[in-house]
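Enquirer: just need the structure, nothing else, for what follows:
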Amino acid sequence: MQPLLYHTHHNQYLEDLPFWLGLAEQHGSPILELGCGTGRIMLPLIEAGYQVTGLDISAAMLQQLKTLAAQDEIDPPDLVQGDLSNFSLERNFSLILLPCNTYSTLSKSQRQSALNCIREHLTPGGVFATSVPNPTWVTKLEAIEEVEVETVFIHPETGNPVQASNEWHSQAGQLEICWHYDHLLPDGQVERFSQATSHFLTPAEEYFEELKNSGFKTTSYGDFNLARYAQDQPYLIIEAAITEI
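Expert: Below you'll find the predicted structure:
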(Lines give C-alpha, C1' and ligand atoms only; values in the text may rest on other atoms or scores of the structure.)
Protein backbone atom coordinates (compact mmCIF):
# COMPACT_ATOMS: atom_id res chain seq x y z
CA MET A 1 0.00 0.00 0.00
CA GLN A 2 1.12 3.53 -0.75
CA PRO A 3 0.41 5.46 2.50
CA LEU A 4 0.03 8.81 0.72
CA LEU A 5 -2.53 7.43 -1.73
CA TYR A 6 -4.35 5.72 1.13
CA HIS A 7 -4.51 8.94 3.12
CA THR A 8 -5.54 11.15 0.20
CA HIS A 9 -8.38 8.78 -0.65
CA HIS A 10 -9.69 8.01 2.83
CA ASN A 11 -9.22 11.53 4.15
CA GLN A 12 -12.23 12.46 2.01
CA TYR A 13 -14.39 10.33 4.31
CA LEU A 14 -15.75 12.61 7.05
CA GLU A 15 -18.99 10.90 8.10
CA ASP A 16 -17.60 9.42 11.31
CA LEU A 17 -15.32 12.25 12.45
CA PRO A 18 -17.93 14.14 14.55
CA PHE A 19 -18.66 10.90 16.43
CA TRP A 20 -15.04 10.38 17.51
CA LEU A 21 -14.65 14.06 18.36
CA GLY A 22 -17.84 13.85 20.41
CA LEU A 23 -16.45 10.94 22.41
CA ALA A 24 -13.27 12.91 23.03
CA GLU A 25 -15.33 15.85 24.28
CA GLN A 26 -17.20 13.54 26.68
CA HIS A 27 -14.24 11.64 28.06
CA GLY A 28 -11.25 13.95 27.58
CA SER A 29 -7.55 13.18 27.42
CA PRO A 30 -5.43 11.17 27.32
CA ILE A 31 -6.70 9.22 24.31
CA LEU A 32 -5.23 6.17 22.61
CA GLU A 33 -6.07 5.44 18.99
CA LEU A 34 -5.36 1.88 17.92
CA GLY A 35 -4.65 1.35 14.22
CA CYS A 36 -4.16 5.09 13.75
CA GLY A 37 -2.84 4.68 10.18
CA THR A 38 -1.97 8.01 8.58
CA GLY A 39 -3.93 10.04 11.14
CA ARG A 40 -7.33 10.63 9.55
CA ILE A 41 -8.88 10.56 13.04
CA MET A 42 -5.84 11.27 15.19
CA LEU A 43 -4.75 14.56 13.60
CA PRO A 44 -8.17 16.27 13.95
CA LEU A 45 -8.25 15.13 17.59
CA ILE A 46 -4.84 16.70 18.21
CA GLU A 47 -5.87 19.88 16.40
CA ALA A 48 -8.95 20.02 18.67
CA GLY A 49 -6.62 20.14 21.67
CA TYR A 50 -6.64 16.53 22.89
CA GLN A 51 -3.60 14.59 24.04
CA VAL A 52 -3.51 11.56 21.75
CA THR A 53 -1.20 8.56 21.40
CA GLY A 54 -1.37 6.61 18.15
CA LEU A 55 -0.45 2.95 17.72
CA ASP A 56 -0.10 1.18 14.38
CA ILE A 57 1.78 -1.87 13.15
CA SER A 58 2.92 -0.17 9.91
CA ALA A 59 6.08 1.94 10.08
CA ALA A 60 5.26 3.41 6.66
CA MET A 61 1.83 4.61 7.82
CA LEU A 62 3.32 6.18 10.96
CA GLN A 63 6.00 7.93 8.92
CA GLN A 64 3.32 9.38 6.64
CA LEU A 65 1.42 10.56 9.72
CA LYS A 66 4.54 12.35 10.98
CA THR A 67 4.99 14.00 7.58
CA LEU A 68 1.38 15.19 7.49
CA ALA A 69 1.62 16.53 11.04
CA ALA A 70 4.73 18.52 10.10
CA GLN A 71 3.01 19.90 7.00
CA ASP A 72 0.11 21.09 9.18
CA GLU A 73 2.59 22.56 11.72
CA ILE A 74 1.42 20.14 14.41
CA ASP A 75 3.95 19.19 17.08
CA PRO A 76 5.46 15.72 16.52
CA PRO A 77 2.70 13.29 17.57
CA ASP A 78 3.14 10.56 20.17
CA LEU A 79 3.36 7.42 18.03
CA VAL A 80 4.06 3.77 18.82
CA GLN A 81 4.72 1.04 16.30
CA GLY A 82 3.07 -2.10 17.62
CA ASP A 83 0.41 -4.78 17.41
CA LEU A 84 -2.99 -3.59 18.65
CA SER A 85 -3.76 -7.09 19.93
CA ASN A 86 -0.61 -7.23 22.05
CA PHE A 87 0.71 -3.95 23.42
CA SER A 88 2.02 -2.54 26.69
CA LEU A 89 2.45 1.23 27.02
CA GLU A 90 2.86 1.58 30.79
CA ARG A 91 0.27 4.35 30.93
CA ASN A 92 -3.50 4.58 31.00
CA PHE A 93 -6.12 6.40 28.93
CA SER A 94 -9.62 7.73 29.54
CA LEU A 95 -10.63 6.82 25.98
CA ILE A 96 -9.37 4.15 23.59
CA LEU A 97 -10.54 4.27 19.98
CA LEU A 98 -10.39 1.59 17.29
CA PRO A 99 -12.14 3.18 14.27
CA CYS A 100 -12.19 2.53 10.53
CA ASN A 101 -13.50 -1.09 10.59
CA THR A 102 -10.19 -2.44 11.90
CA TYR A 103 -11.76 -4.45 14.74
CA SER A 104 -13.48 -6.81 12.29
CA THR A 105 -10.12 -7.77 10.73
CA LEU A 106 -9.17 -9.50 14.01
CA SER A 107 -9.78 -13.17 14.69
CA LYS A 108 -11.58 -14.27 17.87
CA SER A 109 -8.30 -14.92 19.70
CA GLN A 110 -6.85 -11.60 18.54
CA ARG A 111 -9.97 -9.77 19.73
CA GLN A 112 -9.71 -11.38 23.15
CA SER A 113 -6.04 -10.44 23.41
CA ALA A 114 -6.83 -6.89 22.28
CA LEU A 115 -9.64 -6.57 24.84
CA ASN A 116 -7.29 -7.71 27.60
CA CYS A 117 -4.78 -5.03 26.59
CA ILE A 118 -7.48 -2.37 26.22
CA ARG A 119 -8.91 -3.03 29.66
CA GLU A 120 -5.44 -2.87 31.22
CA HIS A 121 -4.83 0.52 29.60
CA LEU A 122 -8.12 2.23 30.54
CA THR A 123 -8.48 4.45 33.57
CA PRO A 124 -11.34 3.66 36.01
CA GLY A 125 -14.53 4.59 34.20
CA GLY A 126 -12.70 4.66 30.87
CA VAL A 127 -14.37 3.89 27.55
CA PHE A 128 -13.44 1.83 24.50
CA ALA A 129 -15.16 2.56 21.18
CA THR A 130 -14.97 0.80 17.84
CA SER A 131 -16.82 0.55 14.52
CA VAL A 132 -17.22 -2.32 12.05
CA PRO A 133 -19.41 -3.08 9.04
CA ASN A 134 -22.72 -4.48 10.30
CA PRO A 135 -22.19 -8.23 9.73
CA THR A 136 -25.92 -8.93 9.34
CA TRP A 137 -26.28 -6.19 6.74
CA VAL A 138 -23.21 -7.41 4.81
CA THR A 139 -24.42 -11.02 4.62
CA LYS A 140 -27.58 -9.86 2.85
CA LEU A 141 -25.58 -8.35 -0.01
CA GLU A 142 -24.57 -10.15 -3.18
CA ALA A 143 -21.74 -12.63 -2.55
CA ILE A 144 -19.54 -11.04 -5.23
CA GLU A 145 -19.44 -7.40 -6.24
CA GLU A 146 -17.65 -6.47 -9.47
CA VAL A 147 -15.12 -3.64 -9.63
CA GLU A 148 -16.81 -0.32 -8.95
CA VAL A 149 -15.22 3.12 -9.35
CA GLU A 150 -15.67 5.11 -6.15
CA THR A 151 -13.88 8.38 -6.77
CA VAL A 152 -11.14 10.19 -8.67
CA PHE A 153 -8.66 12.41 -6.87
CA ILE A 154 -5.43 14.24 -7.67
CA HIS A 155 -2.17 12.66 -6.60
CA PRO A 156 -0.68 15.20 -4.14
CA GLU A 157 2.87 14.68 -5.40
CA THR A 158 2.50 14.30 -9.17
CA GLY A 159 -0.68 16.28 -9.81
CA ASN A 160 -1.96 13.40 -11.96
CA PRO A 161 -5.44 11.88 -11.51
CA VAL A 162 -5.88 8.69 -9.49
CA GLN A 163 -8.97 6.54 -9.89
CA ALA A 164 -9.97 4.64 -6.74
CA SER A 165 -12.11 1.54 -7.25
CA ASN A 166 -13.05 -1.45 -5.13
CA GLU A 167 -14.37 -4.98 -5.40
CA TRP A 168 -15.42 -7.39 -2.71
CA HIS A 169 -16.21 -11.05 -2.15
CA SER A 170 -18.25 -12.50 0.70
CA GLN A 171 -18.03 -16.17 1.61
CA ALA A 172 -17.54 -18.54 4.55
CA GLY A 173 -18.14 -15.85 7.15
CA GLN A 174 -15.59 -13.41 5.74
CA LEU A 175 -15.67 -10.31 3.57
CA GLU A 176 -12.64 -9.49 1.45
CA ILE A 177 -12.39 -5.95 0.07
CA CYS A 178 -9.76 -5.04 -2.50
CA TRP A 179 -8.97 -1.40 -3.28
CA HIS A 180 -7.34 -0.46 -6.59
CA TYR A 181 -5.61 2.86 -7.18
CA ASP A 182 -4.98 3.58 -10.87
CA HIS A 183 -2.47 6.42 -11.25
CA LEU A 184 -2.63 7.98 -14.73
CA LEU A 185 0.88 8.87 -15.91
CA PRO A 186 1.67 11.69 -18.40
CA ASP A 187 2.50 9.17 -21.16
CA GLY A 188 -0.96 7.61 -20.87
CA GLN A 189 0.22 4.55 -18.97
CA VAL A 190 -1.55 3.52 -15.78
CA GLU A 191 0.31 2.59 -12.60
CA ARG A 192 -1.84 0.41 -10.34
CA PHE A 193 -1.50 -0.14 -6.59
CA SER A 194 -3.83 -2.61 -4.86
CA GLN A 195 -4.56 -3.51 -1.26
CA ALA A 196 -6.84 -6.27 0.03
CA THR A 197 -8.33 -6.49 3.52
CA SER A 198 -10.29 -9.38 5.00
CA HIS A 199 -13.06 -8.84 7.57
CA PHE A 200 -14.65 -11.49 9.78
CA LEU A 201 -18.45 -11.35 9.67
CA THR A 202 -18.73 -11.99 13.38
CA PRO A 203 -22.33 -11.74 14.65
CA ALA A 204 -23.04 -8.65 16.74
CA GLU A 205 -24.17 -10.85 19.64
CA GLU A 206 -20.73 -12.48 19.72
CA TYR A 207 -19.02 -9.09 19.96
CA PHE A 208 -21.36 -8.11 22.81
CA GLU A 209 -20.72 -11.37 24.68
CA GLU A 210 -16.95 -11.03 24.34
CA LEU A 211 -17.05 -7.50 25.70
CA LYS A 212 -19.32 -8.48 28.57
CA ASN A 213 -17.01 -11.34 29.53
CA SER A 214 -14.07 -8.92 29.46
CA GLY A 215 -15.78 -6.57 31.92
CA PHE A 216 -17.46 -4.04 29.63
CA LYS A 217 -20.99 -2.71 29.44
CA THR A 218 -21.91 -1.86 25.85
CA THR A 219 -24.02 0.67 24.01
CA SER A 220 -24.44 0.10 20.27
CA TYR A 221 -25.38 2.28 17.31
CA GLY A 222 -26.22 1.62 13.67
CA ASP A 223 -24.79 4.84 12.27
CA PHE A 224 -22.62 7.76 13.33
CA ASN A 225 -25.68 9.90 14.10
CA LEU A 226 -26.30 7.60 17.10
CA ALA A 227 -29.27 5.77 15.62
CA ARG A 228 -30.03 2.64 17.61
CA TYR A 229 -28.32 -0.46 16.24
CA ALA A 230 -30.53 -2.62 14.03
CA GLN A 231 -29.87 -5.43 11.58
CA ASP A 232 -30.64 -3.24 8.56
CA GLN A 233 -28.14 -0.53 9.54
CA PRO A 234 -24.81 -0.39 7.65
CA TYR A 235 -22.61 -0.13 10.74
CA LEU A 236 -22.14 -1.69 14.13
CA ILE A 237 -20.66 0.97 16.39
CA ILE A 238 -19.87 -0.05 19.94
CA GLU A 239 -19.18 2.13 22.95
CA ALA A 240 -17.96 -0.01 25.87
CA ALA A 241 -17.47 1.21 29.45
CA ILE A 242 -15.56 -0.69 32.10
CA THR A 243 -17.64 -2.55 34.69
CA GLU A 244 -16.67 -4.97 37.40
CA ILE A 245 -16.50 -8.62 36.35
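Enquirer: check the gap between the residue of the chain most remote from its centre and residue 160 for me.
Expert: Most distant residue from the mean C-alpha position of the chain: residue 187, 36.0 Å away (C-alpha atoms, centre = their mean). The gap separating residue 187 from residue 160 is 11 Å, by C-beta to C-beta, to the nearest Å. For the C-beta atoms, the positions are set from N, CA and C on the backbone; glycine is no exception.
Enquirer: where exactly do the strands run in this protein?
Expert: For the chain, the strands defined by DSSP state E occupy 31-34, 52-56, 78-81, 93-98, 122-133, 144-154, 161-171, 174-184, 190-200, 216-221, 235-242.
Enquirer: tell me which of the ones you listed is the most buried.
Expert: By mean neighbour count, with neighbours taken as mean count of other C-beta atoms under 10 Å, strand 31-34 ranks first of the strands of the chain at a mean of 26.
Enquirer: give me the most central residue, the chain.
Expert: Among the residues of the chain, residue 100 comes closest to the average C-alpha position under C-alpha atoms, centre = their mean, at 2.3 Å.
Enquirer: could you verify my assumption that it touches residue 40?
Expert: Yes. The criterion here is C-beta atoms under 8 Å, and residue 100 meets it with residue 40 at 7.4 Å.
Enquirer: ok now stretch 6-13, how far from the chain's centre?
Expert: Here stretch 6-13 is found 12 Å from its chain centre; the criterion is C-alpha atoms, centre = their mean, to the nearest Å.
Enquirer: quick check, pLDDT for residue 144.
Expert: With respect to pLDDT, residue 144 has a value of 58.
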